[in-house]
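J.: I'd like to go over a predicted model; first the sequence, then the structure.
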Amino acid sequence: MLRVGPGRELGRPSQAAAVARDGDTVEIDAGVYEGDAATWWADDLTLRGAGGRARLRAAGAAAEDRDIWVIRGGHAVVEAIEFSGARARRTGNGAGIRQEGAGLAIRDCRFHDNQNGVLLGGGPDSETVIEDCEFAHNGAGDGQSHNIYIVAVRRFVLRGCHVHHARGGHQVKSRARETVIEANRIVDEATGASSYAIDLPDGGVAHVVGNVVQKGRRAQHRRLVAFGAEGLRHPAHALHVVSNTLVSERRWGTVFVEVFSPDVPVRLVNNIVAGRGRLLRGGRGVLLHNLVSRRPGFVDAAAHDYRLRPDSPALGAGVDPGADLRPRFEYVHPQGRRPRTPAGALDLGALSHRGAGPS
C-alpha cells in the first residue's frame, strides 16, 4: 500500500507513480493536487481517492506532453478521483486519462474541462469499463475531441454515468468491437452544443439499453445515435437500441438513429422517442413497441425531468425484448444506477414509473 498526500513521504501522485510496483494499491488523500501529472507503468494497480475524491488539476502539467495520467500498465482500476484542465499544446487532444495498457476500470470519478475527458485504448484484447462517473464540458471545441473517446478495445462498457455538455465533439465515441452503453444520462440540456450523442463510427456489436439521451436546441448535429459513419471495420455488426428515452429539442428535426449501411441488423424496442424527426434511417430495422410522441407524459420535459407521470401512455406498454436485452439498471441522478426490477408489464423508456425516484 502506497499512501499519497500532504505531509506524507509521497506528497504527490507522480511520486507514487515513480515507485509503484505490480499489484500495488495507491491511496491518494482527498484534496486538490495542482500541476501534477504522471505515467503509470506497473500492472494490476488500484489507484483511488481516500476520504473523498482526490482532485487533480493539470494547471499546465502534462504527462508525455498531453495528459494528466497515462496508464501504460495493464488491468488498472481508478476510483474516486477528479481530473480537470488537461491540455496538449501541439495536438489539442489532452485527456484526463489516456489508456495504453490492456484492461481498465474507472469508477466514481469526475472528468471536466479537459480536451478529452478520457482517451482510452489498450488493443484488441482490452476490456474498458466506466461506471458511475461524470463527464462534463470536455472537448477543445474543434469537433475532434470528446467527453469520452474509446479508440481501440475489444469491449467497452459505460454504465450509470452522467455525460453532458460536450464542447463541440461527441458525448460518447466508441470504436470498440463490442460496445455496451447501459443506464446512463447523456444530455445537452438547454445550453449544450455537442455533435452526436453516441457515435459508433466503426460499427461492431452495440447494445444501447436503458439510457436517457437528449439533444438540445444548440446541438451541432441532427444525429442522436450514429453507427458506421466511417465504415464497418469489425468482424460482426449489429445495433440494439432498447428501453431508452430519446429526446430532441432541435427545431429542424433529428435522425434519432442512423446506420450507414443497409445490411446492418437493427433492433429498436420499447423506446420513447420525443421530438421532431425520423426514428431510424438505414440498416435492416426491427421496430417494436416504440412510443413516438411529442407528449409522452414526462414529469417536466422543460426541466429535463424525463420520469413518467401516472397518466403516461408509456406505462406498461413494453414487450419482453429477451433476457440479453432486458434493462437491468436505471440511471439515478446525479450519477449512478440501481437495479430495474419491473413488477408486471414493462414500462417504455429508460425510467420505470414505479422505480423512478427524484430526477
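T.: Nice, I can see it. Residues are numbered from 1 along each chain as shown.
J.: Could you verify that residue 52 is part of a strand?
T.: Yes. Residue 52: assigned to a strand according to DSSP: H, G, I helix; E, B strand; the rest coil.
J.: And the pLDDT at it?
T.: Residue 52 carries a pLDDT value of 97.
J.: Then the one 4 residues further on?
T.: Per-residue confidence for residue 56 comes out at a pLDDT of 98.
J.: What of residue 357?
T.: Taking residue 357 on its own, its pLDDT is 47.
J.: for residue 252, same thing?
T.: What the model reports for residue 252 is a pLDDT of 85.
J.: for it, what are its contacts?
T.: 222, 276 (CB atoms under 8 Å, 6 or more residues apart in numbering). (Glycine included, C-beta is placed from N, CA and C.)
J.: Also residue 138?
T.: So residue 138 contacts 96, 111-117, 145-147, 166-167, 169 (CB under 8 Å, 6+ apart).
J.: Residue 302 should be in a helix, yeah?
T.: Yes. The assignment for residue 302 is a helix, going by three-state DSSP.
J.: ok, it to residue 190 distance?
T.: In this view, residue 302 and residue 190 are 9 Å apart by CB to CB, to the nearest Å.
J.: out of the two, which sits in the more crowded spot?
T.: Neighbours per residue (other CB atoms under 10 Å) separate residue 302 from residue 190, with residue 190 holding more: 12 against 8.
J.: That one is in what secondary structure piece?
T.: Of the helices and strands defined by DSSP states H and E, none includes residue 190.
J.: who's in contact with the closest residue to it other than its chain neighbours?
T.: Leaving aside its sequence neighbours, residue 190 sits nearest to residue 216 (CB to CB, 6 or more residues apart in numbering; 6.1 Å). The neighbourhood of residue 216, defined by CB under 8 Å, 6+ apart, consists of 187, 188, 189, 190, 191, 192, 193, 249, 250.
J.: My understanding was that the last one contacts residue 215; is that so?
T.: Yes. With contact taken as CB atoms under 8 Å, residue 250 and residue 215 are classed as touching, separated by 5.9 Å.
J.: Between those two, which has more neighbouring residues?
T.: It is residue 215, of residue 250 and residue 215, that has more neighbours when counted by other CB under 10 Å, with 29 against 18.
J.: Low-confidence bits of the stretch 251-359 of the chain, can you list those?
T.: 342-343, 354-359 (pLDDT under 70).
J.: hmm, back to that, for ChimeraX, what selects the buried ones among the contacts of residue 138?
T.: In ChimeraX, a selection of the buried entries from those looks like this (16 or more other CB atoms under 10 Å):
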select :96,111,112,113,114,115,116,117,145,146,147,166,167,169
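J.: May I ask which of the contacts of residue 216 has the most neighbours?
T.: Among the contacts of residue 216, the one with the most neighbours (other CB under 10 Å) is residue 188, at 26 neighbours.
J.: Against residue 191, how distant is the nearest residue to that residue once chain neighbours are set aside?
T.: Using CB to CB, 6+ apart and skipping residues adjacent in sequence, the residue nearest residue 188 is residue 216, 3.2 Å away. Residue 216 is 7 Å from residue 191, where distance means CB to CB.
J.: Correct me if wrong: residue 147 contacts residue 119.
T.: No. Between residue 147 and residue 119 there is no contact under CB under 8 Å: 11.0 Å.
J.: Setting aside sequence neighbours, what's the nearest residue to residue 278?
T.: In space, residue 278 is closest to residue 255, 5.2 Å off (CB to CB, 6+ apart).
J.: what does residue 144 give?
T.: Here the residue nearest residue 144, using CB to CB, 6+ apart, is residue 169, at 6.6 Å.
J.: for stretch 137-152, what is the average pLDDT?
T.: pLDDT averaged over stretch 137-152 gives 96.
J.: Give me the buried positions along it.
T.: Quick answer for stretch 137-152 (16+ other CB under 10 Å): 137, 138, 139, 140, 144, 145, 146, 147, 148, 149, 150, 151.
J.: And for stretch 169-189?
T.: 169-188.
J.: Please apply the same query to stretch 236-244.
T.: 237, 238, 239, 240, 241, 242, 243, 244.
J.: Ramachandran coordinates for residue 14?
T.: phi -60, psi -30 (degrees, to the nearest 10).
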